[in-house]
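In: got a sequence here, can you model it:
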Amino acid sequence: MHTVAVLSLKGGVGKTTVALGIASAALRRGARALIGDLDPQGNATATLDPPLTDATLADVLETPRLAVINQALAPSAWSDQLDVLVGAEELELLNEPGPQSRRLDNLARALDELRASPPRGEPYELAILDCPPSLGRLTRSALMAADSALLVTEPTMYAVAGAERALEAIEAVRAEHNPRLRPAGVLVNRLRARSYEHQYRIAELRESFGRLVMPTAIPDRLAIQQAQGACTPIHEWKSPGAQEIALTFNMVLAKILRSSRAGRHRLDGDEPETPQAPQGEADGAGQGGHAQPPAAGDTETTSEFPAVVENRR
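Out: Now for the predicted structure:
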């Protein structure tokens with residue numbers, strides 16, 4: 001079972017959307033998967049709509065025994081191939097610093113229990129940990145339990161600083177607690193490919209983090225909100241925009257699984273690998289931290305973030 005922690009440093013960037021999109025791609029791939037909803041807001045649990053359980057992930061983090069885990073585990077409404085470790089508001093009480101730091105490895109212990117005794121005797125191929133939007137104890141617990149970490153960000157002026165802090169946290173956990181942890185990449189969400197400002201911010205991310213920035217991004221599409229509102233996997237939502245997003249999540253999942261095998265990362269002082277910036281991205285960036293429109297005839301999008309039709313839904 002490969003475990004990926006999906007994290008961000010601020011709310012509202014679509015972190016849960018990405019976790020659910022990866023789960024949808026896993027189902028399409030035929031992989032049995034698990035989502036652990038560590039976010040006290042419980043949005044992943046609400047979208048996956050599991051039946052009521054006798055316990056929640058908060059109870060599991062207090063007592064990571066198989067009996068408690070099974071009480072907090074339920075099949076999602078999406079498929080019996082996707083289970084949920086149900087989230088709860090009480091998780092917020094476990095996110096505060098305190099003297100009982102031993103709880104930080106309880107999530108890893110719980111996942112070890114599930115590896116040893118999977119429900120119905122069917123092992124999970126993928127576990128997705130939807131973290132709260134902070135670097136608190138819950139996120140650190142997820143990093144201690146994970147094989148890889150996917151950082152979700154938006155193409156804004158704060159993206160580089162936030163990604164730097166998150167990658168520093170990943171490196172600290174890897175060095176101190178979890179040597180197998182690897183960054184799966186930095187995924188840009190809610191991209192408007194015709195926005196010169198978004199193009200400029202992506203160029204900033206690439207300059208700082210090189211190939212850690214995923215070569216594809218999640219476009220800003222109404223179909224995501226529509227599918228989530230209907231508690232439906234994005235791969236089953238019938239619209240051109242949904243099909244485009246579904247293909248993107250397929251590529252993200254493939255990249256996560258490749259990172260687990262190759263273990264490639266740019267930490268420990270490695271020099272960033274910066275791809276050649278396409279024309280219209282490098283030439284369109286002016287002084288003062290804002291993108292400038294390219295000259296007439298230049299492309300409006302990068303080659304790695306392909307043009308999209310803005311009226312897709």
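In: and the longest helix along the chain, what does it pack onto?
Out: With DSSP state H setting the assignment, residue counts place helix 240-262 as the longest helix in the chain. Using 3 or more C-beta pairs under 8 Å, 6 or more residues apart in numbering; DSSP states H and E as the contact criterion, the neighbours of helix 240-262 among helices and strands are strand 2-7, helix 15-29, strand 148-153, strand 182-191, strand 218-219, helix 222-229. Quick note: C-beta positions are derived from backbone N, CA and C, even for glycine.
In: now with 10 Å, please.
Out: Helix 240-262 is packed against strand 2-7, helix 15-29, strand 126-130, strand 148-153, strand 182-191, strand 218-219, helix 222-229, with contacts defined by 3 or more C-beta pairs under 10 Å, 6 or more residues apart in numbering; DSSP states H and E.
In: off-centre distance for it?
Out: When distances are taken as C-alpha atoms, centre = their mean, to the nearest Å, helix 240-262 is centred 11 Å away from the chain's centroid.
In: P179 in helix, strand or coil?
Out: coil (DSSP: H, G, I helix; E, B strand; the rest coil).
In: got the contact list for it?
Out: P179 is in contact with V173, counting by C-beta atoms under 10 Å, 6 or more residues apart in numbering.
In: if you set the cut-off to 7 Å instead, what comes out?
Out: When the contact criterion is C-beta atoms under 7 Å, 6 or more residues apart in numbering, P179 has no partners at all.
In: one step back: touching the longest helix of the chain from outside, list them.
Out: 2, 4, 21-22, 24-26, 29, 147-148, 150, 182, 184-185, 187, 214, 216, 218-219, 221-224, 227, 234-235, 308, 312-313.
In: if any of these are buried, put those into a PyMOL selection.
Out: To isolate the buried subset of these in PyMOL, counting by 16 or more other C-beta atoms under 10 Å, use the following:
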select buried, resi 2+4+21+22+24+25+26+147+148+150+182+184+185+187+214+216+218+219+221+223+224+227+234+235+308+312
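In: just the buried residues of the helix or strand bottoming out on mean pLDDT in the chain, please?
Out: The least trusted helix or strand in the chain, going by mean pLDDT, DSSP states H and E, turns out to be helix 240-262, with a mean of 85. When neighbours are counted by 16+ other C-beta under 10 Å, the buried residues of helix 240-262 are found to be 241-242, 244-246, 248-250, 252-253, 255-257, 259-260.
In: before we move on, the earlier item: for the helices and strands packed on helix 240-262, give me TSV that also has distance to T63 and mean pLDDT.
Out: Below are the helices and strands packed on helix 240-262 laid out as TSV (distance: least, C-beta to C-beta, whole Å; pLDDT from 0 to 100):
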stretch	distance to T63	mean pLDDT
strand 2-7	20	96
helix 15-29	25	95
strand 126-130	19	97
strand 148-153	26	94
strand 182-191	29	91
strand 218-219	36	89
helix 222-229	31	87
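In: now these as a markdown table including distance to N43?
Out: A markdown table is the format used below for those (distance: least, C-beta to C-beta, whole Å):
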| stretch | distance to N43 |
| --- | --- |
| strand 2-7 | 12 |
| helix 15-29 | 5 |
| strand 126-130 | 8 |
| strand 148-153 | 13 |
| strand 182-191 | 14 |
| strand 218-219 | 16 |
| helix 222-229 | 8 |
